[in-house]
Structures are given as C-alpha cells and as structure tokens.
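*Asks:* 3D model of this:
(2 chains)
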Amino acid sequence: MSLLKRALVLMVAAMLLPQVQAADESDSLSVDMIVSKVNKASYYAGDDGRSDARMIIVDKDGNKQLRQFVILRKDEKDEGDQDFLVVFSRPSDVRGTVFLVNKHVDSDDDRWLYLPGLDLVKRISAGDKRTSFVGSDFFYEDVSGRNPALDTHELLQESDEAYLLKSTPNDKANVEFAYYQASINKETFLPMVVDYYNEQGEIYRKMEVVEVEEVQGIPTVMKSKILNLETDSVTYMQFRRPTYDIGVPQEVFTSRSLRNPPREWLEAKQ
Amino acid sequence: MRKMTGAWSQSILIAVLSALSLAASAAEDEFDAWGDEWTEEEQSNWLWGGFIEAAYGQRLQTDPLFADKQTLSEIRSHVEGDYSGDDIDFSFRGDLWYDDVLNDTELDIRELSISFSAFGNTDFKLGRQISTWGTGDLLFLNDLFPKDWKSFFSGREDTYLKAPADAVRITSYFDAVNVDLVWMPVFTDDRYIDGERYSFFTPLAGQHVGGRDLIEPVMPDKNIGNSEIALRLYKNIEGTEYAVYGYRGFDKQPVGLTTNFEPTFHRRDVLGASVRGNVADGLYNLEVAYHDAIEDPDGADPLVKNSQWRFLMGYETELMARMTLGVQYYLEWTQDYDALLANSPTPLFEAEEKRSVVTARLTYRTVKDKWIWSLFAFYSPTDEDSYIRPSVNYRLSDEWQFTAGANIFNGQKRHTFFGQFEDATNAYLRVRYNF
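*Replies:* Numbering: from 1, shown residues only, chains lettered A, B, ... in the order given. Model (predicted):
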C-alpha cells in the first residue's frame, strides 16, 4: 500500500470514527443489526481464512476421540454466499476425508464428502445439517454457520457486556431445538454462550467459547466447546495458527480439492 | 404462572452457570491435555496408519455344494502410508490377511501410486489405484472400474467393493469442462462370484455349481489394443453436476463364451451421462448408459451378452434428524431381445428384456455417530428377487470399531440375479483396531 493510499485510509477512518462512536452511544442496536453483526463476526471474519483445528470428543464414560483438520474459507461477500473446505488428517480412519461446502444464502447449500478409500465423491443432502460433524458434538451447521433468516430473533436482555438473544426456528422440521439463546459479547459480537432448549424448555445442548484472541485485529475464537447434556458428552474444539485474508482463490473450493487437497493453501505460512 | 416459570428457569440458569464455571476450569485441563502432538507430526513427510481386523461370517442356510458354513473367517492387517513431497506424493495401501475360508494367506496391494500436478490445471496419478465415478448408490452404470463382489457379499467393509487397478489417471480442470481420463493398460476384471465362496447358477448346466473356483476364463490378450480407457467430462453449474462418460474395454465379468464354450470377456463400450443436484430438501440423481456389445451388433450371437440401455433415477432426503432415506429406480433394457431368445441355448434362463430394480437405503445415526444402523435393500419386481443388507456399526473409540450385519438373498427362481444366491445368505461380525 502506497503512502498516499495509507494516508487516505487514515483520513477516511478518522472522519468515520466519531460517527461510529456516536452511533454506539445514541441507542441500542436493533435485533436485526445485532444478528447481522454476530453472523459476520462468527462466520465472515476477513474475506477468507484458514486455521488448523482439532477436537477432543469425550463421552460420558470419559472415552476420548480426536479429530484433526484444516479449515479453509472464502466469502463471496459478507453475509452472502461462502465456501468451506475441511481436510482431515486424524485419526487414521478419517485421514484424507475432505468436506466441501458451497454455502448459499438464498438456496440450498451444495455439500460433498470425499471418501478416499472408495475414491467416492459423496454428495450430502442439504437438509442433513444438524447431524454430527465427524462424530463430534458439533453439527455441520455449527461449522459452516446457520442462516440467520431461518430463525426469528428477539432481544431478551441487554447488559453492559452482553446481549441475550432468543432465536426461534421458523420451521421446526429438521431442527431438534425449540429455540436457542445466545449471549453475545457487545465488544466482539461473538456469541460466548449458546443454550439450546427443547420443547420442555430445558437446556439440552450448550456451546461455550472458552478463549478469544485477536488475530490480525479480528477477535477470533481459539477454544470452544459443546456440551450435550442429554448424553453427558462434550467436545472441545481448538484452533491454531488462524490467518485471515490469505487470498485463496475461488477454484480451491471445487471438486479438484476433494481428490487433491490444495496444500499451498492448507499449510500455515509462518 | 408464566412468571413462576421464568423465575424457575432463571434459578436453573444460575445453577447451570455455576456448574459451568466448574466445568470451565476442567475444560482448561482438557485443552492442555492435548500437549504438543500437533507440532510433532508435521516434522515428517510420512504419515502412517492402518488397522487390524478380525471377521467372521457364516451361511444362514445350507448350500449342498459347501461342506463348511463359513463364508468369512479372517484376520486382516491393513497398512496405509503417504509421503508428501515438494513436487510429488507417494501413496500406499495394502492388505495382508489369513483367510480361513480359503486356508490361505492373501496379499492385496490396493494402492501403490505417485501423484503430481502439472500445467497448473492437471493432476496425474500413476500406479495401482482405486477409481470411482457415477451417481448410483451400489448401482453402477458408467463406473466400469473393477469391483470385488466376493468381499461385498461376504460382509467385508463397503470400501472393499472397489478393487484396485493399475492405471494412469489424468484429470484436467478447465473453465469449460473438467476432463478425467483413466487408462488401464491391462484389462482388470471384477472379483466376481466364481464358486469359491458361493455357488452360482449356470444356464448351460441348468443348475448351481460351486464348492471351488470353477471359472477359468479366457482373458483378453495383453496388448495395447486391449487396454481399458475410461473418460469422464464433467462440470458443476450452480450446484448441479453434469457428466458424460465413455468407456472402451470389456465385460467386467466373464459373461461371454468363446467358441469352445469357455467363459470369457467380450469387447464392450459404454457411453453415458448423469445429472445430480439438490431438489426439495434432498438430492436427486439421473443417470443413463448404453452398454454396447461390439462383437454382437444385432444381438443374435448367443456367446455374447447383448447390448443394454441402463437407466437410473434416485432421490435421497433426511426423514428426521440423523435418519436418511435414499431410494433408486434402475432399469436394464436388453436390446435385440427377440434375436437373443431365438438364438439362446437356454431361453428359459435369460434375464427379462426389461429388468428393473428398486433400492432403498435407510441410515440412522445416533448422536455423535456412535451407532450407525443401516439397511440397504435391492428388490427386483421383474425378477421377483431381493438382496437385503442390514448392518450396525459401533464406534467405541478412534481405535475400536465393531460391525455386525447380514447379506440376505431371496428369490422365486433359481436363475435370477439375486435369487441364485439364496443359499449364500449369511451373517457376519467384524472387530477392528485402528492404529
């Protein structure tokens, strides 16, 4: 970036800054604005990104399973269509498995799973989102994001630190929850705790962010966990070496990457 | 009343939150417990893995041609090794097992290949490998890559349905269309039912034969003109996957006869197309293929299986959380059927002109995929026979997995596709340790 450009950006930023603050002070945000900011903070950070990730899945007897993968993402535009590529390296029986999502906001997502043992590119039906993500307590939808338009949101509470949002599904088919409540950090707009309620009004599933770090100026979830209170199991998810705006091209999110994962984009550049 | 509920839920919330703060400190420990395994493995370009598996299965009926009821009895080791180089990757998959049904130690190299990319848009994979394409679920119209029906019928893992072949695979990605070419210099046939494990019906003898490997087919000569070529052109247009396929090769099973009445593989070319995409909360697929009997263009030669049109349509949807249903309708339409009947030495045992099969796959996964219940059923209304594959898989840990299942064949006539295997009906159990 040239010096002139940088100066220009600074000037523009300086001009905008007081207005942003004013907006913050003036009144609380509308529910839609909060939901939109949450969606952006959770799933659209930067224009693209990569991260190592791993999960420990612990069942009620304390048995542990491990999953390790790299996740790549590219947004077409904020809150718009986006693509995900997840490449598994552990354990040995899922190594080489690749999950590709072309996520659409206005239509069904296109999703594929590559099973290397069979050389099979398996397409996954679009409804099939709230099923376990590779044996963990996370759902596929937790990884690629739930479309906010699928739920009706209301602001239950607002404190100095957090918004408490209640989200009720517009269509109860294909979801297992009656509603969920999310406690949103007012600074980062990251949901720090999400409680999923069943028809009886009991919490049966809980997502919690354990650690947030700033990466390239973007508050980033580094550790989170999901508790399933019905089965008494928990999955810990940890991210490592996340990077944003790496410039990954669109063609990485096509069928080629299923059989031949794009190593140059998957590997962290130190 | 409402307020009471509110107060209650609030106190529950507080209780949960305080419980959580305890859990949170435990969580820190959990995250720490990972140690530094992450960095360790990246120091090596090699990745190794595999499993050891014990499997047992036996006939639920009596087949008079087999003294033994065992259909599967083996200890298997499977090893995978992958090397990631700067420019070239190397891959190995191999199985070594003691097969108690055959009283033999067997070795199967499933993959021994190098792969690399060139020209920016082309991937090469050379060596022994497994290839798959097409849209059918356990029905193959345009996938003429070798399959292992012995493993499939015996209850080995579904992966073993695909058999390896020595091949050169070149896949080029263009804006207009992707081009996928698989060249198998030496014809590789299916691992078909040959009497070794299961008996089968022979029309010429008019009865079942089995008890040992009874098929000694005459193989196509090993020359460049007899190599197999499979080609696929495909493109994803806004989530809908279109493909056209071509295959030049041979019958994958010895369904033909030489002039000396020995089983053999005749020339066969296949041309086809498929579409797959999202529809109404599910997936649909349509596929068509023309299997061309090159050596019998008018269908009058009884030594060569006639040309066939094959059609498939399928739909898959999630019925409820974690329960998926897939249904398919499949049709095999034998061409020049009158000529076939007029020339057949055994017209009574010929397949129907239009043989249809419907399939259903019902899969139920418990939370976190601990248990996977699966039922796959083939039913042919025209042959009045069926093949049902129930199975249940339990994943105790990353290391230990248990699978039980059955292969249930049923038919009204002894010569039909599935019906001939009625006495092969079996149940099996597998225990696997991954390392």
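
*Asks:* where do the helices sit along the stretch 151-270 of chain A?
*Replies:* For the stretch 151-270 of chain A, the helices defined by DSSP state H, counting those that start in this stretch cover A:256-259, A:263-266.

*Asks:* please identify the most buried of the ones you listed.
*Replies:* When you average the neighbours per residue for each of the helices of the stretch 151-270 of chain A (mean count of other C-beta atoms under 10 Å in any protein chain shown), helix A:256-259 leads with a mean of 20. All C-beta spots, glycine's among them, are computed from the backbone N, C-alpha and C.

*Asks:* alpha carbons only: can I get that helix in CSV?
*Replies:* What follows is helix A:256-259, C-alpha atoms only, in CSV (Å, rounded to 0.1, in the frame of the first residue of the first chain):
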residue,chain,number,x,y,z
ARG,A,256,-10.5,-30.7,-7.6
SER,A,257,-9.7,-30.1,-3.9
LEU,A,258,-11.6,-33.2,-2.9
ARG,A,259,-9.2,-35.6,-4.6
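
*Asks:* right, is that helix up against chain B?
*Replies:* Yes. Shown here: helix A:256-259 in contact with chain B (C-beta under 8 Å from any C-beta of the partner chain) through A:256, A:259.

*Asks:* closest residue of chain A to chain B?
*Replies:* In chain A, the residue found nearest to chain B is residue A:92; the distance is 2.8 Å by C-beta to the nearest C-beta.

*Asks:* tell me the contacts of that residue?
*Replies:* Residue A:92 is in contact with B:48, B:49, B:50, B:51, B:80, B:434, B:435, counting by C-beta atoms under 8 Å, 6 or more residues apart in numbering or on different chains.

*Asks:* rerun at 10 Å
*Replies:* Contacts of residue A:92 were listed using C-beta atoms under 10 Å, 6 or more residues apart in numbering or on different chains, and they are B:47, B:48, B:49, B:50, B:51, B:78, B:80, B:398, B:399, B:434, B:435.

*Asks:* farthest-apart pair in these, please.
*Replies:* Spanning the widest gap among those are B:47 and B:399, at 17.1 Å by C-beta to C-beta.

*Asks:* the residue sitting nearest the centre point of chain B and residue B:145, how far apart?
*Replies:* Centroid-nearest residue in chain B, with C-alpha atoms, centre = their mean: residue B:161, separated by 4.1 Å. To residue B:145, residue B:161 is 11 Å away according to C-beta to C-beta, to the nearest Å.

*Asks:* between these two, which contacts overlap?
*Replies:* Residues within reach of residue B:161 and of residue B:145 at once, by C-beta under 10 Å, 6+ apart, are B:130, B:132.

*Asks:* and the strands in the stretch 51-200 of chain A?
*Replies:* With DSSP state E, counting those that start in this stretch, the ranges of strands along the stretch 51-200 of chain A come out as A:64-75, A:82-90, A:98-103, A:110-115, A:120-124, A:151-158, A:162-169, A:179-185, A:191-197.

*Asks:* list the helices and strands the fifth one packs on?
*Replies:* Strand A:120-124 makes packing contacts with strand A:98-103, strand A:110-115, helix A:256-259, strand B:267-279, strand B:282-293, strand B:308-320 when contacts are defined by 3 or more C-beta pairs under 10 Å, 6 or more residues apart in numbering or on different chains; DSSP states H and E.

*Asks:* hey, C-alpha coordinates of the last one in PDB?
*Replies:* In this case it means strand B:308-320. C-alpha atoms of strand B:308-320 as PDB (Å, rounded to 0.1, in the frame of the first residue of the first chain):
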ATOM      1  CA  GLN B 308     -28.200 -52.800 -23.000                       C
ATOM      2  CA  TRP B 309     -29.600 -49.500 -22.100                       C
ATOM      3  CA  ARG B 310     -29.400 -48.700 -18.400                       C
ATOM      4  CA  PHE B 311     -31.400 -46.000 -16.600                       C
ATOM      5  CA  LEU B 312     -31.300 -44.800 -13.000                       C
ATOM      6  CA  MET B 313     -33.100 -42.300 -11.000                       C
ATOM      7  CA  GLY B 314     -32.600 -41.600  -7.300                       C
ATOM      8  CA  TYR B 315     -33.700 -39.400  -4.500                       C
ATOM      9  CA  GLU B 316     -32.200 -39.000  -1.100                       C
ATOM     10  CA  THR B 317     -33.600 -37.000   1.800                       C
ATOM     11  CA  GLU B 318     -33.300 -36.700   5.600                       C
ATOM     12  CA  LEU B 319     -36.500 -38.100   7.000                       C
ATOM     13  CA  MET B 320     -35.900 -36.900  10.500                       C
END
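
*Asks:* ok so, going back, any chance of JSON lines for the helices and strands packed on strand A:120-124, columns mean pLDDT and distance to residue A:268?
*Replies:* Putting the helices and strands packed on strand A:120-124 into JSON lines (pLDDT from 0 to 100; distance: least, C-beta to C-beta, whole Å) gives the following:
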{"stretch": "strand A:98-103", "mean pLDDT": "94", "distance to residue A:268": "18"}
{"stretch": "strand A:110-115", "mean pLDDT": "94", "distance to residue A:268": "22"}
{"stretch": "helix A:256-259", "mean pLDDT": "95", "distance to residue A:268": "17"}
{"stretch": "strand B:267-279", "mean pLDDT": "97", "distance to residue A:268": "34"}
{"stretch": "strand B:282-293", "mean pLDDT": "97", "distance to residue A:268": "34"}
{"stretch": "strand B:308-320", "mean pLDDT": "95", "distance to residue A:268": "35"}
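
*Asks:* how about a markdown table for these, with distance to residue A:196 added?
*Replies:* As requested, those are exported to a markdown table (distance: least, C-beta to C-beta, whole Å):
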| stretch | distance to residue A:196 |
| --- | --- |
| strand A:98-103 | 21 |
| strand A:110-115 | 22 |
| helix A:256-259 | 31 |
| strand B:267-279 | 26 |
| strand B:282-293 | 25 |
| strand B:308-320 | 17 |
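
*Asks:* among these, which is nearest residue B:135?
*Replies:* Between the helices and strands packed on strand A:120-124, strand B:282-293 lies closest to residue B:135; by C-beta to C-beta that is 3.8 Å.

*Asks:* in the closest one, what counts as buried?
*Replies:* Across strand B:282-293, burial judged by 16 or more other C-beta atoms under 10 Å in any protein chain shown covers B:282, B:283, B:284, B:285, B:287, B:288, B:289, B:290, B:291, B:292, B:293.

*Asks:* filter these by proximity to chain A?
*Replies:* The residues of these that also fall near chain A, by C-beta under 10 Å from any C-beta of the partner chain, are B:282, B:283, B:284, B:285.
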